[in-house]
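Novice: attaching a predicted model along with its sequence, questions to come.
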Amino acid sequence: MPDFTDLLLPIARSLSLVAGLAVAAGLATPVAALEGLFTCKIKSLSGHGWIPPQITLRFNDEWSAEVVHSGNVSALSGRSLKAGFFRISDISYRVSWTISSISVGNRSDAVETHYRAVFNTQNKKLSVQVISADTEPRSPRGIGQCTLVTG
(Lines give C-alpha, C1' and ligand atoms only; values in the text may rest on other atoms or scores of the structure.)
Protein backbone atom coordinates (compact mmCIF):
# COMPACT_ATOMS: atom_id res chain seq x y z
CA MET A 1 0.00 0.00 0.00
CA PRO A 2 1.42 3.39 -0.97
CA ASP A 3 2.39 5.90 1.67
CA PHE A 4 0.23 9.04 2.04
CA THR A 5 3.15 11.31 1.02
CA ASP A 6 3.65 9.21 -2.13
CA LEU A 7 0.07 9.99 -3.11
CA LEU A 8 0.50 13.73 -2.55
CA LEU A 9 3.81 14.11 -4.39
CA PRO A 10 2.35 14.06 -7.96
CA ILE A 11 -0.39 16.50 -6.93
CA ALA A 12 2.14 18.87 -5.34
CA ARG A 13 4.30 18.75 -8.49
CA SER A 14 1.30 19.55 -10.68
CA LEU A 15 0.29 22.47 -8.47
CA SER A 16 3.80 23.90 -8.41
CA LEU A 17 3.99 23.64 -12.21
CA VAL A 18 0.65 25.46 -12.56
CA ALA A 19 1.74 28.12 -10.03
CA GLY A 20 5.05 28.58 -11.84
CA LEU A 21 3.30 29.03 -15.17
CA ALA A 22 0.82 31.49 -13.65
CA VAL A 23 3.63 33.58 -12.17
CA ALA A 24 5.49 33.53 -15.49
CA ALA A 25 2.34 34.66 -17.28
CA GLY A 26 1.74 37.41 -14.72
CA LEU A 27 -1.55 35.92 -13.59
CA ALA A 28 -0.64 35.13 -9.99
CA THR A 29 1.04 38.42 -9.23
CA PRO A 30 -1.39 41.24 -8.45
CA VAL A 31 -1.05 44.48 -10.37
CA ALA A 32 0.91 46.87 -8.19
CA ALA A 33 -1.04 50.00 -7.47
CA LEU A 34 0.40 53.12 -9.01
CA GLU A 35 1.28 55.44 -6.16
CA GLY A 36 2.97 58.77 -5.77
CA LEU A 37 2.87 62.43 -6.68
CA PHE A 38 4.08 63.44 -10.13
CA THR A 39 4.51 66.95 -11.54
CA CYS A 40 4.27 67.15 -15.33
CA LYS A 41 5.27 70.09 -17.54
CA ILE A 42 2.99 70.01 -20.58
CA LYS A 43 3.51 71.51 -24.03
CA SER A 44 0.38 72.13 -26.10
CA LEU A 45 0.52 70.52 -29.52
CA SER A 46 -2.59 72.34 -30.74
CA GLY A 47 -3.14 75.91 -31.80
CA HIS A 48 -6.63 75.87 -30.31
CA GLY A 49 -8.30 74.92 -27.04
CA TRP A 50 -6.62 74.93 -23.66
CA ILE A 51 -4.11 72.41 -22.40
CA PRO A 52 -2.70 73.22 -18.94
CA PRO A 53 1.04 73.99 -18.94
CA GLN A 54 1.50 71.95 -15.75
CA ILE A 55 -0.44 69.02 -14.34
CA THR A 56 0.16 67.39 -10.99
CA LEU A 57 -1.01 63.78 -10.61
CA ARG A 58 -1.51 62.12 -7.23
CA PHE A 59 -2.39 58.43 -7.29
CA ASN A 60 -4.27 57.60 -4.09
CA ASP A 61 -5.12 53.95 -4.42
CA GLU A 62 -5.88 51.32 -7.03
CA TRP A 63 -8.60 53.34 -8.82
CA SER A 64 -8.68 56.96 -7.71
CA ALA A 65 -6.38 59.86 -8.34
CA GLU A 66 -6.30 63.64 -8.10
CA VAL A 67 -5.30 66.10 -10.80
CA VAL A 68 -4.23 69.68 -10.21
CA HIS A 69 -3.95 72.15 -13.09
CA SER A 70 -1.83 75.24 -12.93
CA GLY A 71 -1.82 78.09 -15.39
CA ASN A 72 -5.60 78.11 -15.72
CA VAL A 73 -7.16 81.57 -15.41
CA SER A 74 -10.26 80.16 -13.75
CA ALA A 75 -10.87 79.60 -10.06
CA LEU A 76 -9.93 75.95 -10.54
CA SER A 77 -6.22 76.67 -10.82
CA GLY A 78 -4.42 74.87 -8.03
CA ARG A 79 -7.52 73.05 -6.80
CA SER A 80 -7.55 69.27 -6.65
CA LEU A 81 -9.92 67.51 -9.06
CA LYS A 82 -11.03 63.90 -8.71
CA ALA A 83 -9.76 61.59 -11.43
CA GLY A 84 -9.99 57.93 -12.26
CA PHE A 85 -7.35 55.73 -13.80
CA PHE A 86 -6.81 52.21 -15.01
CA ARG A 87 -3.99 50.17 -16.46
CA ILE A 88 -3.92 49.88 -20.27
CA SER A 89 -0.56 48.09 -20.64
CA ASP A 90 2.40 46.90 -18.59
CA ILE A 91 3.77 50.46 -18.46
CA SER A 92 0.79 52.75 -19.20
CA TYR A 93 -2.25 54.05 -17.38
CA ARG A 94 -5.24 56.03 -18.67
CA VAL A 95 -6.23 58.94 -16.41
CA SER A 96 -9.55 60.77 -16.89
CA TRP A 97 -11.06 63.82 -15.22
CA THR A 98 -13.64 66.53 -15.82
CA ILE A 99 -13.57 70.25 -15.16
CA SER A 100 -16.95 71.84 -14.47
CA SER A 101 -16.77 75.61 -14.68
CA ILE A 102 -19.37 78.28 -14.25
CA SER A 103 -21.63 79.10 -17.15
CA VAL A 104 -20.68 81.76 -19.66
CA GLY A 105 -23.00 84.43 -21.05
CA ASN A 106 -26.72 83.64 -21.01
CA ARG A 107 -26.21 79.93 -20.39
CA SER A 108 -27.56 78.62 -17.10
CA ASP A 109 -25.70 75.32 -17.16
CA ALA A 110 -22.10 74.64 -16.24
CA VAL A 111 -19.57 74.01 -18.97
CA GLU A 112 -17.83 70.65 -18.66
CA THR A 113 -14.47 69.84 -20.20
CA HIS A 114 -13.38 66.20 -20.20
CA TYR A 115 -9.69 65.34 -20.20
CA ARG A 116 -8.06 62.03 -20.98
CA ALA A 117 -4.39 61.34 -20.50
CA VAL A 118 -2.03 58.41 -20.89
CA PHE A 119 0.74 58.19 -18.31
CA ASN A 120 3.76 56.09 -19.31
CA THR A 121 5.45 54.90 -16.12
CA GLN A 122 8.62 53.80 -17.92
CA ASN A 123 9.61 57.13 -19.51
CA LYS A 124 7.40 59.33 -17.23
CA LYS A 125 5.59 60.96 -20.18
CA LEU A 126 2.02 62.23 -20.09
CA SER A 127 -0.07 62.63 -23.25
CA VAL A 128 -3.16 64.80 -22.68
CA GLN A 129 -6.26 65.25 -24.83
CA VAL A 130 -9.51 67.18 -24.43
CA ILE A 131 -12.46 64.88 -25.12
CA SER A 132 -15.56 66.78 -26.17
CA ALA A 133 -18.12 66.59 -28.95
CA ASP A 134 -17.50 70.32 -29.58
CA THR A 135 -13.82 69.80 -30.41
CA GLU A 136 -14.00 66.63 -32.53
CA PRO A 137 -12.15 65.83 -34.71
CA ARG A 138 -9.53 68.48 -33.78
CA SER A 139 -9.25 67.79 -30.06
CA PRO A 140 -6.66 69.90 -28.25
CA ARG A 141 -3.64 67.78 -27.32
CA GLY A 142 -0.48 68.12 -25.31
CA ILE A 143 2.49 66.08 -24.18
CA GLY A 144 4.87 66.46 -21.30
CA GLN A 145 7.54 65.05 -19.07
CA CYS A 146 6.74 64.11 -15.47
CA THR A 147 8.92 64.07 -12.37
CA LEU A 148 8.23 61.91 -9.31
CA VAL A 149 7.92 64.27 -6.33
CA THR A 150 7.01 61.67 -3.69
CA GLY A 151 6.62 57.92 -3.92
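Specialist: Yep, that arrived.
Novice: and Ser89, how far is that from Val111?
Specialist: Relative to Val111, Ser89 is positioned 33 Å away (CB to CB, to the nearest Å). Where C-beta positions appear, they are placed from N, C-alpha and C, glycine not excepted.
Novice: for Phe119, same thing?
Specialist: Separation of Phe119 from Val111 (CB to CB) stands at 26 Å.
Novice: of those two, who's got more company?
Specialist: Shown here are Phe119 and Val111; by other CB atoms under 10 Å, Phe119 has more neighbours (24 against 13).
Novice: please identify which helix or strand holds the more buried one.
Specialist: Phe119 is part of strand 111-120, with elements assigned from DSSP states H and E.
Novice: also Val130?
Specialist: strand 125-131.
Novice: buried residues of the helix or strand that that strand is followed by, list them for me.
Specialist: Counting by DSSP H and E, the next helix or strand C-terminal to strand 125-131 is strand 141-150. By neighbour count on 16 or more other CB atoms under 10 Å, the buried set for strand 141-150 is Arg141, Gly142, Ile143, Gly144, Cys146.
Novice: quick one: the strands in this structure, in order.
Specialist: 36-44, 54-59, 64-70, 80-87, 92-101, 111-120, 125-131, 141-150 (DSSP state E).
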